[in-house]
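Asker: Sequence below, structure please.
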Amino acid sequence: MHAMLINRHHRRPGHRADHRTHHRMRRLAVTLALAMLPAAALFAQGSAQAAPVEAEGTVAGASAPPVSDPTPPSSPPRAEVVYDSIPADLPPNVTSLGYQATGTSEFGDEVGLTGAHKRKLRSVEVVLSSWACESGRWNTNDCRTTAGATFSHPVTVTVFAVDNSGPTPVPGALLASQTQLTEIPYRPSADPVNCTGPNAGRWYDATTGGCYNGIAHPVTFTFDGSTTLPDEVIWTVSFNTTGYGDSPIGTGAPCYSTVQGCPYDALNVGVQGFPGSPYVGVDIDPDGVFLDSANGSSYCDGGAAGTGFLRLDSPCWTDLRPLATITAGKPHGKK
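Answerer: Residues are numbered from 1 along each chain as shown. Model (predicted):
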């Protein structure tokens with residue numbers, strides 16, 4: 001198995017030059033006040049090894065040949081970004097939500113889109129954060145990973161319309177959904193030389209001089225352009241873990257009895273507010289997200305409005321924005 005590890009200067013295609021100029025990533029660590037988080041941020045150790053919401057980053061050519069046919073075949077309409085909260089320069093890791101640790105099955109955001117005449121869904125990019133180790137664990141100071149090693153896991157991205165008929169927005173009609181078997185990197189091995197003391201057990205990124213628990217991994221889901229997007233949508237990421245998801249995997253999986261546990265239990269989803277984000281589009285509720293968790297303590301209201309289904313969770317997510325880029329284009333045949 002193999003994968004390219006993400007570093008601080010990872011460039012994502014499709015971003016405009018002015019985007020790259022004005023939205024550089026932060027060099028210093030993100031400071032996160034735990035008092036602002038849902039009660040789920042208190043890590044519960046058990047079979048789950050994933051982390052709850054946690055801040056990351058502690059600083060320690062040739063010319064082309066001529067075209068013989070003057071009338072080249074038509075190509076699909078160009079996709080444009082209609083929403084974007086992912087920085088052009090993605091840091092080595094991001095603040096993230098651990099699904100197994102917080103009882104989460106689905107997580108995302110309600111967003112407003114630009115480009116009223118270019119709304120055929122082309123892609124959704126999200127950022128995962130892998131805390132999994134080939135051997136050992138991220139929180140026991142013994143993480144060991146072969147460079148480039150990965151694991152595979154099905155991950156689903158879903159886009160809903162927004163039902164605003166009541167006092168609180170709720171997921172409306174299902175617009176699009178895609179599940180893909182995703183190759184996800186294990187986080188690098190612990191660095192006992194550069195990451196010591198409170199940073200013990202973390203991996204070291206030489207470019208930033210920082211120590212990290214997980215590694216950021218962007219994943220793009222491509223759609224066929226047949227879905228027309230409205231002005232506002234709710235996008236989500238979902239996957240199964242040992243105890244949660246549409247079809248929990250359970251404790252019978254061979255990886256569950258290993259020292260390192262199952263890698264999908266250490267898979268998180270990025271949720272971080274970068275300066276100036278969202279760069280395109282609107283975050284409808286900057287203090288809220290859409291969350292489906294079995295644990296009342298994972299919600300701002302302690303679960304008072306219900307658990308186990310996808311609903312708005314607000315207002316305790318200030319400066320914690322789920323990370324996604326959505327692209328869309330004009331219908332085929334239009335320019």
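
Asker: Give me the three-state assignment for Thr241.
Answerer: Following DSSP: H, G, I helix; E, B strand; the rest coil, Thr241 is assigned to coil.

Asker: From the chain's centre, how far out is stretch 205-225? Work that out for me.
Answerer: Put simply, stretch 205-225 sits 9 Å off its chain's centre (CA atoms, centre = their mean, to the nearest Å).

Asker: low pLDDT regions in the chain?
Answerer: The chain contains residues with pLDDT under 70 at 1-77, 332-335.

Asker: the helices in it, which residues?
Answerer: All helices of the chain, identified by DSSP state H, fall at 17-22, 99-102.

Asker: what bridges to the closest residue to Phe223 other than its chain neighbours?
Answerer: Nearest residue to Phe223, sequence neighbours excluded (CB to CB, 6 or more residues apart in numbering): Leu121, at 4.6 Å. (Glycine included, C-beta is placed from N, CA and C.) Bridge pairing for Leu121 (DSSP bridges) gives the partners Ala328.

Asker: Neighbours of Leu121, how many?
Answerer: Applying other CB atoms under 10 Å, we find 26 residues neighbouring Leu121.

Asker: OK, contacts around it?
Answerer: Leu121 makes contact with Val159, Leu175, Ala176, Phe223, Gly225, Ser226, Thr227, Thr228, Leu229, Ile326, Thr327, Ala328 under the criterion CB atoms under 8 Å, 6 or more residues apart in numbering.

Asker: and what of Val237?
Answerer: The contact partners of Val237, by CB under 8 Å, 6+ apart, come to Glu106, Phe107, Gly108, Val126, Leu128, Val155, Thr156, Val157, Val269.

Asker: From those residues, pick the one nearest Asp205.
Answerer: Among those, Leu128 lies closest to Asp205 (CB to CB), at 17.2 Å.

Asker: Which residue is the nearest non-sequential neighbour of the closest one?
Answerer: Taking CB to CB, 6+ apart, and ignoring the residues beside it in sequence, Leu128 has His217 as its nearest neighbour in space, at 4.7 Å.

Asker: Around the closest residue to Val162 other than its chain neighbours, count how many other residues there are.
Answerer: Take Val162 and drop its neighbours on the chain: the residue closest to it by CB to CB, 6+ apart is Glu232, 4.7 Å away. Counted with other CB under 10 Å, the neighbours of Glu232 add up to 19.

Asker: Run through the bridge partners of Glu232.
Answerer: Beta-bridge partners recorded for Glu232 (DSSP bridges): Gly112.

Asker: From what I see, it and Thr114 are in contact.
Answerer: No - using CB atoms under 8 Å, Glu232 is not in contact with Thr114; the gap is 11.5 Å.

Asker: overlap in contacts of these two?
Answerer: Residues touching both Glu232 and Thr114 (CB under 8 Å, 6+ apart): there are none.

Asker: re earlier: wait, the residue nearest to Leu128 sits on Trp131?
Answerer: No - between His217 and Trp131 there is no contact under CB under 8 Å: 11.1 Å.

Asker: Nearest to Tyr244 among the contacts of Val237?
Answerer: Glu106 (9.4 Å).

Asker: for the closest one, what are its contacts?
Answerer: Contact analysis of Glu106 by CB under 8 Å, 6+ apart lists Thr158, Thr236, Val237, Ser238, Phe290, Leu291, Asp292, Leu310.

Asker: give the contact list for the last one.
Answerer: If I follow you right, that is Leu310. Here Leu310 is in contact with Glu106, Pro171, Ile234, Thr236, Phe290, Leu291, Asp292 (CB under 8 Å, 6+ apart).

Asker: Leaving out the residues flanking it, which one is nearest to Phe151?
Answerer: Leaving aside its chain neighbours, Phe151 sits nearest to Pro263 (4.4 Å; criterion: CB to CB, 6+ apart).
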